[in-house]
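Asks: sequence-free structure coming up:
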């Protein structure tokens with residue numbers, strides 16, 4: 001069983017930056033693909049970014065490419081997402097997720113955190 005705890009969300013103005021963190025516990029972190037998803041009110045949960053077990057191998061949704069950066073520190077059991085040039089359309093609850101196998105962009109991850117709210121005002 002893996003526990004995931006996100007932090008770093010908040011209320012910011014358009015153009016600002018935030019860094020989300022997700023600390024994992026309960027199993028060997030380096031064995032897991034880590035992803036970030038988001039869900040806005042009235043919308044389905046959508047893929048944002050993922051990093052494979054090897055740091056530096058990453059995937060992004062087209063909507064965040066060039067603005068967001070996912071990274072992981074296996075020594076700290078932590079995955080990060082640096083979010084720059086935030087837009088009102090980025091407003092959502094952001095979830096950290098972990099999986100051992102499977103496609104990194106699919107939402108059928110094995111473990112999920114409780115999420116952290118990001119609100120971007122115009």
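Replies: That came through, no problem. Owing to the predicted nature of the structure, the values given are computational and were not obtained by experimental measurement.
Asks: what is the burial count for residue 62?
Replies: Using other Cβ atoms under 10 Å, residue 62 is surrounded by 6 other residues. C-beta here means a position set from N, CA and C on the backbone, and glycine is covered the same way.
Asks: how about it, phi and psi?
Replies: phi -60, psi -30 (degrees, to the nearest 10).
Asks: check residue 29 too.
Replies: With angles defined as degrees, to the nearest 10, residue 29 sits at phi -60, psi -40.
Asks: my read is residue 49 is in a helix, agree?
Replies: No. Judged by DSSP: H, G, I helix; E, B strand; the rest coil, residue 49 forms no part of a helix; its state is strand.
Asks: does residue 6 sit in a helix, a strand or a coil?
Replies: What three-state DSSP gives for residue 6 is strand.
Asks: show me what it bridges to in the sheet.
Replies: residue 22 (DSSP bridges).
Asks: I figured it hits residue 95, correct?
Replies: Yes. Taking Cβ atoms under 8 Å as the definition, residue 6 is a contact partner of residue 95 at 7.0 Å.
Asks: can you count the residues close to residue 122?
Replies: Neighbour count for residue 122, taken as other Cβ under 10 Å: 9.
Asks: any common contacting residues for residue 6 and residue 95?
Replies: Residues touching both residue 6 and residue 95 (Cβ atoms under 8 Å, 6 or more residues apart in numbering): 113, 114, 115.
Asks: quickly note the distance from the first one to residue 77.
Replies: Noted for residue 113: a distance of 13 Å to residue 77, by Cβ to Cβ, to the nearest Å.
Asks: over to the last one?
Replies: Distance of residue 115 to residue 77, computed by Cβ to Cβ: 19 Å.
Asks: repeat that for residue 93.
Replies: With Cβ to Cβ as the criterion, residue 93 and residue 77 are 22 Å apart.
Asks: and residue 2, by the same measure?
Replies: From residue 2 over to residue 77 (counting by Cβ to Cβ), the distance is 10 Å.
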